[in-house]
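Asker: Predicted model, plus sequence, below.
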Amino acid sequence: MVLQKALLAASRRPALRRAVTGTPATRRVVDRFVAGESLDDAIAAVRALAPDGIAVTLDHLGEDVTDRAQALRTRDAYLAALEALAPLRLGPAAEVSVKLSAFGQALPDGGHDLALELVRPVVEAASAAGTTVTLDMEDHRTVDSTLAAVAELRKEHPATGAVLQSMLHRTVDDAKALAVSGSRVRLVKGAYDEPESVAHQRKRDVDAAYRRSLEILMSGPGYPMVGSHDPAMLQRAHELAAQHSRAANSWEVQMLYGIRPDEQRRLAAAGTRVRAYVPYGADWYGYFMRRLAERPANVAFFLRSLATR
Ligand code: FAD
């Protein structure tokens with residue numbers, strides 16, 4: 001827990017970012033979790049997953065932008081990604097995930113409106129290409145703004161996806177509100193270091209809360225996206241799908257690129273819809289540090305690779 005908090009704090013420290021990203025050996029470890037730095041790398045990963053029947057959601061890495069110019073570059077990167085996906089003709093099997101903080105959400109004076117203005121053309125381009133956009137969820141201070149943006153975008157593009165984090169106390173209520181027809185909701189445990197006032201602190205409480213929200217989403221008329229690598233949560237999702245006679249195409253499992261790839265293939269071969277979250281781009285530091293924080297074994301792997309450089 002102490003290590004996890006330290007890594008999550010480090011994920012937002014610019015000085016450490018420079019030290020870690022400047023280390024050549026880091027690259028080998030990062031490659032396990034990130035498809036590459038370029039859009040071509042991301043497309044190659046999509047092509048490699050497709051034969052196994054694994055859908056994708058592409059994430060152009062970046063978060064916490066500090067000016068409008070950066071936010072515009074994020075928009076353009078996503079428009080380019082959708083253009084590059086089009087010739088693959090994967091339709092909804094290749095969507096994109098966006099972080100509103102990369103679209104300027106946190107900028108003072110109108111950050112929310114700016115993010116909405118810049119993400120809208122991405123959602124429109126995705127709809128025109130027959131696919132969707134999911135709005136990732138960041139720390140708890142962004143939840144109201146992000147859910148409001150999803151609600152606004154859903155008016156014209158009802159398949160725009162939301163993400164809920166079971167660690168937050170509010171999430172059971174949010175799950176009830178979003179368990180409606182046509183709504184796509186990814187349920188995750190939550191990757192940010194959150195205070196006790198807003199979030200469960202113990203893993204068993206986060207897991208119990210995950211199960212509660214999973215039941216709400218799986219018993220409702222929406223399209224649940226079960227974002228987890230946890231065998232217990234995946235088993236529970238399959239039990240609930242059977243219990244509620246859900247068609248195989250009415251929900252999906254989502255996992256991160258490079259994490260439990262064998263299980264991703266096994267589930268897809270067994271008839272479960274599976275989507276991999278494929279991050280790419282140069283700005284991988286925050287994403288990478290959150291993956292280290294999730295699993296002590298990843299830190300050991302990282303340290304070993306530094307030692308054997
Ligand atoms: P855990 O209890 O953390 O792990 C269960 C098991 O999964 C572990 O024992 C291990 O075998 C494996 N595992 C888990 N994590 C790792 C890892 N990093 N490396 C190797 N093995 C691992 N969080 C957000 O806050 N906002 C988001 O928008 C968001 N989007 C996500 C999208 C997807 C598709 C997924 C899968 C996760 C996303 N997350 C997001 C991250 C999520 O909140 C969790 O931090 C992460 O998924 C770990 O939780 P878990 O459910 O896999 O279970």
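Answerer: That came through fine.
Asker: is Ala276 in a bridge, and if so with what?
Answerer: Applying DSSP bridges to Ala276 gives these bridge partners: Val56, Met255.
Asker: Now do the same contact list for Gln70.
Answerer: With contacts defined as CB atoms under 8 Å, 6 or more residues apart in numbering, the neighbours of Gln70 are Gly62, Ala102, Gly104. From N, CA and C alone the C-beta is placed, and that goes for glycine too.
Asker: which one of these has the most neighbours?
Answerer: Top of the contacts of Gln70 by neighbour number is Ala102, holding 29 neighbours under the definition other CB atoms under 10 Å.
Asker: hang on, isn't it packed against Ala71?
Answerer: Yes: under the criterion of CB atoms under 8 Å, Ala102 makes contact with Ala71 at 7.1 Å.
Asker: joint contacts of those two?
Answerer: Here Ala102 and Ala71 share the contacting residues Val65, scored by CB under 8 Å, 6+ apart.
Asker: so where's the chain shaky on pLDDT?
Answerer: Applying pLDDT under 70 to the predicted model, the residue ranges of the chain that meet it are 14-16, 18-19, 21-26, 301, 304-309.
Asker: how about 80 then?
Answerer: Low-confidence regions of the chain, defined by pLDDT under 80, span residues 1-3, 6-7, 9-29, 296-309.
Asker: Around the ligand, which positions in it sit nearby?
Answerer: Contact residues (CB under 6 Å from any ligand atom) of the chain with the ligand: 136-137, 163, 165, 186, 188-192, 227-230, 233, 254-256, 259, 277, 291, 294-295, 298.
Asker: what ranges do the strands span in the chain?
Answerer: Read by DSSP state E, the chain holds these strands, from start to end of the chain: 54-60, 94-98, 133-135, 162-165, 184-188, 223-227, 252-256, 274-280.
Asker: buried set for the shortest one?
Answerer: Read it as strand 133-135. Buried positions in strand 133-135, judged by neighbour count with 16 or more other CB atoms under 10 Å: Val133, Thr134, Leu135.
Asker: List the contacts of the first one.
Answerer: Neighbour list for Val133: Glu95, Val96, Ser97, Val98, Val119, Val122, Val123, Ala126, Leu153, His157, Thr160, Gly161 [criterion: CB under 8 Å, 6+ apart].
Asker: next one: Leu292
Answerer: If a contact means CB under 8 Å, 6+ apart, then Leu292 has Leu7, Asn298, Val299, Phe302 as its contacts.
Asker: Check whether the third one really touches Leu3, as I assumed.
Answerer: Yes: between Val299 and Leu3 there is a contact under CB under 8 Å: 6.8 Å.
Asker: Between the two, which is the more surrounded one?
Answerer: Neighbours were counted for Val299 and for Leu3 using other CB under 10 Å; Val299 has more, 17 against 11.
Asker: tell me the contacts of the residue nearest to Ile259 when sequence neighbours are not counted?
Answerer: Nearest non-adjacent residue to Ile259, counting by CB to CB, 6 or more residues apart in numbering: His229, 5.3 Å away. Contact partners of His229, counting by CB under 8 Å, 6+ apart, are Met255, Leu256, Ile259, Arg260, Glu263.
Asker: repeat for Asp59
Answerer: Contact partners of Asp59, counting by CB under 8 Å, 6+ apart, are Val96, Ser97, Val98, Lys99, Asp136, Tyr277, Val278, Pro279, Tyr280, Tyr287.
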